[in-house]
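*Asks:* missing the sequence, but the structure's below:
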């Protein structure tokens with residue numbers, strides 16, 4: 001599959017990779033709805049957009065800060081909430097619709113409890129489904145900010161065909177009290193896994209990949225990335241993303257994409273079904289669950305049906 005990012009994205013990635021120097025962007029003006037409009041606002045002299053983006057980031061960060069200060073366990077910022085402050089010219093330049101946090105499964109209840117105590121509304125599919133590991137995400141909402149607490153990168157962990165990195169929560173980068181960023185090679189892995197499970201790829205994700213590839217090249221950790229990518233059993237779809245990033249100018253070594261060529265037809269068929277949505281992930285999860293988790297799934301679905309809640313969108317007010 002050939003992936004061709006639009007001209008604004010191509011020019012923006014080149015600008016970022018060459019240092020994001022003022023006046024260095026040479027691409028077309030983005031449409032107001034383009035993902036990278038806020039990033040390019042200063043280059044275009046659009047003061048209002050830049051101020052609005054910065055204000056949005058400030059609101060998001062200040063809404064979350066009291067929770068982070070009161071957590072009993074560390075959590076990891078993933079995707080935009082990490083990258084906005086870590087690799088972009090200014091935080092508001094990296095748009096995001098929510099805050100993604102990675103939480104160790106054994107700490108999930110404690111972390112969600114802290115959000116609840118701090119006045120956040122908790123939205124999930126029920127404690128039983130979450131604590132058993134059938135699903136991996138709890139949502140929390142306050143003042144228009146959505147935080148997603150993940151214990152796994154896949155909403156249904158049973159559908160993940162390989163394994164997540166053994167070093168996923170090691171060598172974290174301190175961001176704020178109780179908040180870490182993943183090591184660069186794992187930050188890229190999570191971003192690409194997220195990309196390949198979506199039918200439509202947002203322009204800002206290409207910027208994420210290019211900037212993270214630059215960090216990995218500086219750190220010299222492509223070996224660690226490649227090892228962890230192969231263990232996911234989804235390395236071939238990852239290769240497509242990295243090949244496009246290399247064409248955008250990202251420093252992705254050819255030896256890495258060559259090693260990621262290994263196909264796994266069963267895993268990639270599962271990935272295709274997940275991207276299709278339309279209820280298929282729920283059915284796939286049931287297919288891949290085994291033992292007591294399958295029994296728990298049926299019990300949970302019966303309870304949700306009786307209470308007229310969705311397995312994906314159940315709400316529990318906190």
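*Replies:* Arrived safely. Nothing here was measured: the structure is a model prediction, and the numbers come from that model.
*Asks:* quick check: residue 138 is in a strand.
*Replies:* Yes. Using DSSP: H, G, I helix; E, B strand; the rest coil, the assignment for residue 138 is a strand.
*Asks:* so where do the strands sit in the stretch 101-250 of the chain?
*Replies:* 121-123, 137-142, 145-150, 173-176, 179-181 (DSSP state E, counting those that start in this stretch).
*Asks:* helices or strands next to the last one in the packing?
*Replies:* Same thing as strand 179-181. Judged by 3 or more C-beta pairs under 8 Å, 6 or more residues apart in numbering; DSSP states H and E, the packing partners of strand 179-181 are strand 75-78, strand 173-176. Where C-beta positions appear, they are placed from N, C-alpha and C, glycine not excepted.
*Asks:* what sits up against that strand?
*Replies:* Residues outside strand 179-181 that contact it (C-beta atoms under 8 Å, 6 or more residues apart in numbering) are 68, 74-77, 82, 86, 172-175, 187.
*Asks:* in its sheet, what does it sit against?
*Replies:* strand 75-78 (parallel), strand 173-176 (antiparallel) (DSSP bridges).
*Asks:* can you add distance to residue 44 and pLDDT and give the contacts of strand 179-181 back as a markdown table?
*Replies:* Output for these, formatted as a markdown table (distance: C-beta to C-beta, whole Å; pLDDT from 0 to 100):
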| residue | distance to residue 44 | pLDDT |
| --- | --- | --- |
| 68 | 33 | 97 |
| 74 | 39 | 97 |
| 75 | 35 | 98 |
| 76 | 34 | 98 |
| 77 | 28 | 98 |
| 82 | 26 | 98 |
| 86 | 24 | 97 |
| 172 | 36 | 94 |
| 173 | 31 | 96 |
| 174 | 34 | 96 |
| 175 | 29 | 96 |
| 187 | 28 | 98 |
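*Asks:* just the buried subset of those, please.
*Replies:* 68, 74-77, 82, 86, 172, 175, 187 (16 or more other C-beta atoms under 10 Å).
*Asks:* just those now: which is nearest residue 120?
*Replies:* residue 68 (12.3 Å; C-beta to C-beta).
*Asks:* for that closest one, give its distance to residue 134.
*Replies:* Note on residue 68: its distance to residue 134, by C-beta to C-beta, to the nearest Å, is 27 Å.
*Asks:* residue 16 is in contact with residue 249, correct?
*Replies:* No. Between residue 249 and residue 16 there is no contact under C-beta atoms under 8 Å: 9.2 Å.
*Asks:* who touches both of the two?
*Replies:* With C-beta under 8 Å, 6+ apart, residue 249 and residue 16 have common neighbours residue 210.
*Asks:* name the residue closest to the centre of the protein, please.
*Replies:* The centroid of the chain falls nearest to residue 79 when counting by C-alpha atoms, centre = their mean (4.1 Å).
*Asks:* count the residues that sit near residue 204.
*Replies:* Neighbours of residue 204 under the rule other C-beta atoms under 10 Å: 23.
*Asks:* residue contacts, it?
*Replies:* Contacts of residue 204 by C-beta under 8 Å, 6+ apart are 35-36, 39, 80, 94-95.
*Asks:* separation between it and residue 184?
*Replies:* Distance, residue 204 to residue 184, by C-beta to C-beta: 18 Å.
*Asks:* just residue 60 next, same as before
*Replies:* 23 Å.
*Asks:* how near is residue 227 to residue 189?
*Replies:* 10 Å.
*Asks:* so between the two, which is more surrounded?
*Replies:* More neighbours surround residue 189 than the other of residue 227 and residue 189, with 26 against 15 (other C-beta under 10 Å).
*Asks:* I figured the more buried one hits residue 230, correct?
*Replies:* No. Here residue 189 does not reach residue 230: they are 10.7 Å apart, not a contact under C-beta under 8 Å.
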